[in-house]
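1. this one's sequence-less:
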């Protein structure tokens, strides 16, 4: 699986958009970008994933650059409950033999 | 509601005792996983199972054991052989075809005194 690089921490004002970057310059053609988040003392939660097109769901939007070497997760209107560690993971959507590899992630602090 | 349950939320045990952590899912998922998380760290895979009565070791299986007698259940036993058992334990499940999208339980925080 490709290695990812994320800033260790970010702040965001409540109600504003939170833009979380992820670099994955070694991504290969069949690897997808996934985002999970983990609120303190809870299990991780799947947010969104994509291959090369931008994706949007009820939680967030995922913007992937044309060369696929980086991506940005966008929380359009951050709330205090969005305070969490956000993990960017790059891997192939394969069978259960491959685990999810969670790196350090970005600790997002949403402030009032 | 469909989901994964883990119990208890907090567990305390004396050193040298075996302890079993419960994980149940009603998502009809074939695959289930156990991860360990230490403070400020990412997740590390302990064991996973793709089908009933079968399971595979992950990266840190030593000192742990599992069973998969039912599709819905995947209990983890932390044995006395595990050198540093105090940690946050997370159970997850997925379909076998979409292991990239895993659903996690709330976790059990085990403290060995």
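-> Looks like it arrived, so ask away. These figures come from a predicted structure and were not determined experimentally.

2. mind telling me what element the nearest residue to residue A:89 once chain neighbours are set aside is part of?
-> Leaving aside its chain neighbours, residue A:89 sits nearest to residue A:34 (4.4 Å; criterion: C-beta to C-beta, 6 or more residues apart in numbering or on different chains). All C-beta spots, glycine's among them, are computed from the backbone N, C-alpha and C. With secondary structure defined by DSSP states H and E, residue A:34 is part of strand A:32-38.

3. now that strand, how far from the centre of its chain.
-> 4 Å (C-alpha atoms, centre = their mean, to the nearest Å).

4. tell me the centre residue of the chain?
-> All of this is about chain A. residue A:35 (3.3 Å; C-alpha atoms, centre = their mean).

5. wait, chain B
-> Centre-nearest of chain B using C-alpha atoms, centre = their mean is residue B:34, 3.0 Å out.

6. so the closest residue to that one other than its chain neighbours versus residue B:93, what's the distance?
-> In this structure, residue B:34 finds its nearest non-sequential neighbour in residue B:46, 4.3 Å apart by C-beta to C-beta, 6+ apart. Using C-beta to C-beta, to the nearest Å, residue B:46 is found at 14 Å from residue B:93.

7. then residue A:111?
-> From residue A:111 to residue B:93 the distance is 34 Å (C-beta to C-beta).

8. those two: which has the busier surroundings?
-> Per other C-beta atoms under 10 Å in any protein chain shown, whichever of residue A:111 and residue B:93 has more neighbours is residue B:93, with 28 against 11.

9. how many residues are close by residue B:45?
-> 21.

10. about what we covered before: hmm, who's touching the strand holding residue A:34?
-> A:20, A:22, A:24, A:27, A:44-51, A:60, A:62, A:64, A:68, A:71, A:73, A:82, A:84-93, A:100, A:102, A:105, B:100-101 (C-beta atoms under 8 Å, 6 or more residues apart in numbering or on different chains).

11. repeat that for 7 Å
-> A:24, A:44-51, A:62, A:64, A:71, A:73, A:84-91, A:93, B:100 (C-beta atoms under 7 Å, 6 or more residues apart in numbering or on different chains).

12. stretch A:63-74: which residues count as buried?
-> By neighbour count on 16 or more other C-beta atoms under 10 Å in any protein chain shown, the buried set for stretch A:63-74 is A:63, A:64, A:68, A:70, A:71, A:72, A:73, A:74.

13. what's the answer for stretch A:16-34, then?
-> For stretch A:16-34, by 16+ other C-beta under 10 Å, it's A:18, A:20, A:22, A:23, A:24, A:27, A:31, A:32, A:33, A:34.

14. report the two of those separated the most.
-> Across these, no pair lies farther apart than A:18 and A:31, at 24.4 Å, counting by C-beta to C-beta.

15. now do the contacts for residue 83.
-> By default, I'm working from chain A. Neighbours of residue A:83 in contact, by C-beta under 7 Å, 6+ apart: A:108, A:109, A:110.

16. not quite, I wanted chain B
-> Residues in contact with residue B:83 (C-beta under 7 Å, 6+ apart) are residue B:63.

17. I am finished for the moment; much appreciated.
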